[in-house]
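**Student:** sequence-free structure coming up:
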């Protein structure tokens, strides 16, 4: 039975596939898919050297603090960072007292709710609070940035490239694709998925004044915020790599011993 | 069962003797994976993957039970509860990465185990039942993995759930109501998330049960071996312990090194970035793909782009995808060659390697966007997939002239076997 | 013995055997140590997570509590009683002979200097963890005028010391400080 029906079923699927293939091939020849502006002008992220790259990579605490400053002074106007609590900032090298002060002075206050009166209110943030949500009413949908570097391919490089990639739309784009006019209120950026992003270029040279005296060029700020957002997405990165080396070291030793033991056991079987 | 020369369990300590009389559990273990189980002496490293698969299941159950202590299966908090595990729970990041990558490791190991079965025709009599149970385990694994991927409630979780349950919508008449029933709503939401969590917790224990049957069925004829020649005499076997426990221990070490290298240094390599975006029912990701281990089947699903007579393309794709696995159930009866091992089957061997390449190509196409040339390549590759199992294998097994087999396992290992001389086997090497 | 010829000379002296045994034992020991090391994160994950530890202090405004009244606040997800003792209650607490108590402590030891009227204790009965009555308005305060646990009948006096019933200890005083005259910070 199996040997009778088996080949019939096989041929059934094969013929159906051939039919799909033929239709597809016919379409591909008669109506080839037109190239799109995204296909031709979208760029993959630039190569960037970060201190945390590679199996031994570590965060640069100074850079994370600078990145946090950029977030606080620029990004936090529209973008939330809800997975991060103020207490986590001690990882960046801030003392507990500094963290408390940062929380207390944070511009967006924590929301309170009085269950007796039903009234909403506000209070200062404390270290245990998460960074308060940000609501944005304008064009576009500013995403929460907590996990952004893990939510994009080559995340840190992507953020850096996006922030430094703003430019005027090349004339070539319109020449090739007359329909590719930038919609009102959007901005051309070849690193953005569909080339037109709602966020205007957020960074300017000297837009922030770094506490540690580093010159705040757009390039520097972009690198710093990318590093900071890598930390927000993967705060355990350093512990992960450290644990990894300890585990691998142990496993190498154990595996060599296991190999020798296996050889011992088999020595009298041949 | 087993062979007459299998060692018998002899309890040494009086306590063990007492236990052996009341509940012979040590005897059971001794006969299953101890010195009481004679195993062909010529097993190569391809035979390590059964034990490794068992290890992966244990790993997934342990890490999974722990993650369930911290995870909350509710659409409004599921995503954040996973981040809570990653950030606040002690060692939570490691346990979660261990579980996510453990799923991938499990599939790597099981795919090798399955292809070992293909090459050495491990599915042939008298081992059909082991094979059938193995396919059942694989189906259960796929269901478990799919439901587990939904739990973090990221974009890929949500849209994966929507697309895969949408497959059932292709079934004529009952399809639409069936999909709504599966989800407990019109789109994935709390009802779906909760039932997926419940079943994702349950199914691994069902898998463990079927694995016990799988091993039970294995112990009736005993393990197969690379020559495919059945065990004839005591010199063909060695006791499982210490020989194969030692070998499996070494194999486990190598496996753990590779697994931990990914876990600690590239934990997101096999995942998709979109699953770090919280589920959004109003916005579909540009490119929905399942996890890598489903790619070959996903490619087969998408290969059907035209209606075939009265059968809609969508239904054809669903039928083909399920048939791609169901066809394995019939393998013991499709391949009728009296020779098992691919080593002695020149034509079969070529077809096998072609299948291996074919599945890799299908996997690549399944992970690529649904555009040309990938669709056309996956159509050709799917065609070979079905023809291989259903047409080529039956033909090859009837026309092929196998190479001469060794008289026994002993001869294959030592180059000589006194019993072979008596049989005057002309091919004795 | 016919086999004797095939025995490795090193085995006869026992050296080869010992070396091989050593490697086998070492390999199994390594596996054991590895298994034990893995247990650590598996056990440690059940301890309080970072967010739970972070919420370990509470500030309470006590300006509205009149003498004789008490409030229930929350500290580490457990009730904490803040009570403004009347002079009569203070006197009652102080005239008790500490030697006769199950858990001998004076009121002074259980309050801050100069703030003797502020009795701040956990609202958790030391018997089996129920919340005693007496802090809420109109609740019974038991025969010693402090707190009364309805679960198994433990009575506490006006210094929240155990006087009668199965509880072994006085109500626990958490660590706290007055950050101003009207705000107390617990934890």
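**Tutor:** Cool, got the structure. What you see is a predicted model; the values in this text were computed from it and never measured.

**Student:** Let me see the ranges of the helices in the stretch 51-200 of chain B.
**Tutor:** Taking DSSP state H, counting those that start in this stretch to define them, one finds helices in the stretch 51-200 of chain B at B:78-87, B:92-119, B:128-150, B:155-168, B:175-183, B:190-219.

**Student:** Check the stretch 201-350 of chain B too.
**Tutor:** In the stretch 201-350 of chain B, the helices defined using DSSP H, counting those that start in this stretch lie at B:245-265, B:295-303, B:313-326, B:331-334, B:346-367.

**Student:** what's the average pLDDT for the helix or strand harbouring residue A:172?
**Tutor:** For residue A:172, the host element (DSSP states H and E) is helix A:171-176. The predicted model gives helix A:171-176 an average pLDDT of 89.

**Student:** buried sites along that helix?
**Tutor:** Within helix A:171-176, the residues scored as buried using 16 or more other C-beta atoms under 10 Å in any protein chain shown are residue A:173. Backbone N, C-alpha and C define where each C-beta goes, glycine included.

**Student:** Identify the spatial nearest neighbour of residue B:386, chain neighbours not counted.
**Tutor:** In space, residue B:386 comes closest to residue A:13 once its chain neighbours are excluded; the distance is 4.2 Å by C-beta to C-beta, 6 or more residues apart in numbering or on different chains.

**Student:** in chain C, what spans have low per-residue confidence?
**Tutor:** When residues are selected by pLDDT under 70, those of chain C lie in C:1-17.

**Student:** just the helices in it please.
**Tutor:** Along chain C, counting by DSSP state H, helices occupy C:9-13, C:15-44, C:50-54, C:87-94, C:107-110.

**Student:** Now do the contacts for the spatially closest residue to residue B:125 that is not a sequence neighbour.
**Tutor:** In this structure, residue B:125 finds its nearest non-sequential neighbour in residue B:332, 6.7 Å apart by C-beta to C-beta, 6+ apart. Going by C-beta atoms under 8 Å, 6 or more residues apart in numbering or on different chains, residue B:332 touches B:123, B:124, B:125, B:128, B:131, B:132.

**Student:** Any idea which of those the model trusts least?
**Tutor:** Lowest pLDDT among the contacts of residue B:332: residue B:125, 90.

**Student:** still on that earlier bit, which of the contacts of residue B:332 are buried, as a PyMOL select command?
**Tutor:** Listed next is the PyMOL selection for buried residues among the contacts of residue B:332, using 16+ other C-beta under 10 Å:
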select buried, chain B and resi 123+124+128+131+132
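
**Student:** Go through the contacts of residue B:332 and say which is closest to chain C.
**Tutor:** residue B:131 (31.6 Å; C-beta to the nearest C-beta).

**Student:** In contact with the residue in chain C that chain B sits nearest to, which residues?
**Tutor:** Of the residues in chain C, the one nearest chain B is residue C:41, at a distance of 3.6 Å by C-beta to the nearest C-beta. Residues in contact with residue C:41 (C-beta under 8 Å, 6+ apart) are B:90, B:91, B:94, B:95.

**Student:** near chain C, from these?
**Tutor:** For chain C, the contacts drawn from the contacts of residue C:41 by C-beta under 8 Å from any C-beta of the partner chain are B:90, B:91, B:94, B:95.

**Student:** Now tabulate those in CSV and tack on neighbour count.
**Tutor:** Shown next, in CSV, are the ones next to chain C among the contacts of residue C:41 (neighbours: other C-beta atoms under 10 Å in any protein chain shown):
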residue, neighbour count
B:90, 17
B:91, 20
B:94, 23
B:95, 24
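
**Student:** Closest one of these to chain A?
**Tutor:** Proximity of those to chain A (C-beta to the nearest C-beta) peaks at residue B:94, which lies at 6.7 Å.
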